[in-house]
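**Student:** model this:
(one chain, ligands or ions: 1)
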Amino acid sequence: MYLADANTQTLLALVYMSLCKNVIKRNGNTRQRKRIVLICWLYVLGTTMYNIIYADPPWAYRSKGMYQETFPKRKQIRKYQGVNEHYSTMDITKICTLDVEKIAAKNCALFLWVTDSHLPEALRLIKEWGFKYRSIAFIWIKRSSRGKLCANVGAWTMKNAEICLIATKGNMAKNKVANNIYQIIDEERTTHSKKPEEARRRIERIFGGLPKIELFARQKVEGWDAWGNEVESDINLVPKHV
Ligand SMILES: C[S@@+](CC[C@H](N)C(=O)[O-])C[C@H]1O[C@@H](n2cnc3c(N)ncnc32)[C@H](O)[C@@H]1O
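**Tutor:** Residues are numbered from 1 along each chain as shown. From the prediction side, this is the model:
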C-alpha cells in the first residue's frame, strides 16, 4: 500500500523533519542537517505517489438503447439499456476534476481504457490529468466463451474490440523493463465492463514492481492499490478545487 496513509505519512515525515532540524540546529553541522532534510523529502515523495495509474472510467453515454448486443450462435438480440444498468456513470467534466495530479509521481504512466465513442474525451482527460498521450497500449479482441468473436452492433461497424491508451508524464521510458509486450490481447469477454486480467499482467511486465493503483476498480488485486465506489479504496481521491 503506497498511499493509504499518505496524508498521515506526509504529516509524520514533516514533523520528523522539523524535529531533526531542531535537534541538529543545536548539535549538528549544516551538512548533517541538509542530509536529513533531503532524506525526509525523498521519503515524503516516495511514499505518496504512484508511477502507474490504471483507469477504466465510467464514461457517460448520451443515448440509451442505441446498441443491440448480439450473441453469435445463440441468435439472441438484446436491447441494450445503457451502462447505467450495471453501474453509475460520471460526466467527463467530473472525471477531469479528480485530483489525479496529487497521486501521480513525477515519472508516471497512465493506462486508460476507452470506448471508441469516447476517444475525444479520453484525450481531453489525459491532458487535464497532466499527462501526454503516447500510444494505444492494448487492443482487446473480445471473444465469447466458445472462442468466437463477440459483436455489438454499433452505429458504423460491429464492435468487437476495446482499446487502452498509454499516456505518460516525466520520464517513464527509463522505468521500462520489457520491450517485448504485445499490443493485442485476445481474450474472452466475461462480465459487463470487466477488462481482461492480462492487461494488468502486461503492465507489470512493462514496468516491474513500481507503485501502482487502479482507479474505478471493482476488485482488489495483489500488488495494486485500488480506488472506486465498488471496492474498498486505499486512497481518498477527491475533485480538485477548480
Ligand atoms: C467501467 S467500470 C470499471 C470496470 C473494471 N475495470 C473491471 O474490470 O471490472 C467503472 C467503475 O467506476 C465506478 N464508478 C462510477 N462512478 C464513480 C464515482 N463517482 N466514484 C468512483 N467510482 C465510480 C463504477 O461503479 C464502476 O465500478
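
**Student:** quick one, helices of the chain?
**Tutor:** Shown for the chain, the helices assigned by DSSP state H span residues 6-27, 30-48, 92-97, 119-128, 197-207.

**Student:** quick one: mean pLDDT over the longest one.
**Tutor:** Averaging the model's pLDDT scores along helix 6-27 yields 62.

**Student:** same question, the second one
**Tutor:** In this model, helix 30-48 carries a mean pLDDT of 63.

**Student:** what number of residues are in the vicinity of residue 160?
**Tutor:** Neighbour count of residue 160, defined by other CB atoms under 10 Å: 17. Backbone N, C-alpha and C define where each C-beta goes, glycine included.

**Student:** residues contacting the residue lying closest to residue 198 once chain neighbours are set aside?
**Tutor:** Closest residue to residue 198 apart from its sequence neighbours, by CB to CB, 6 or more residues apart in numbering: residue 185 at 5.0 Å. By CB atoms under 8 Å, 6 or more residues apart in numbering, the contact set of residue 185 is 138, 139, 140, 141, 196, 198, 199, 202.

**Student:** next one: residue 185 from residue 114, what distance?
**Tutor:** Distance of residue 185 to residue 114, computed by CB to CB, to the nearest Å: 15 Å.

**Student:** show me what residue 151 bridges to in the sheet.
**Tutor:** Under DSSP bridges, the beta-bridge partners of residue 151 are residue 70.

**Student:** residues of this protein that sit close to the ligand?
**Tutor:** 56, 58, 87-88, 90, 193-195, 216, 218, 228-230 (CB under 6 Å from any ligand atom).
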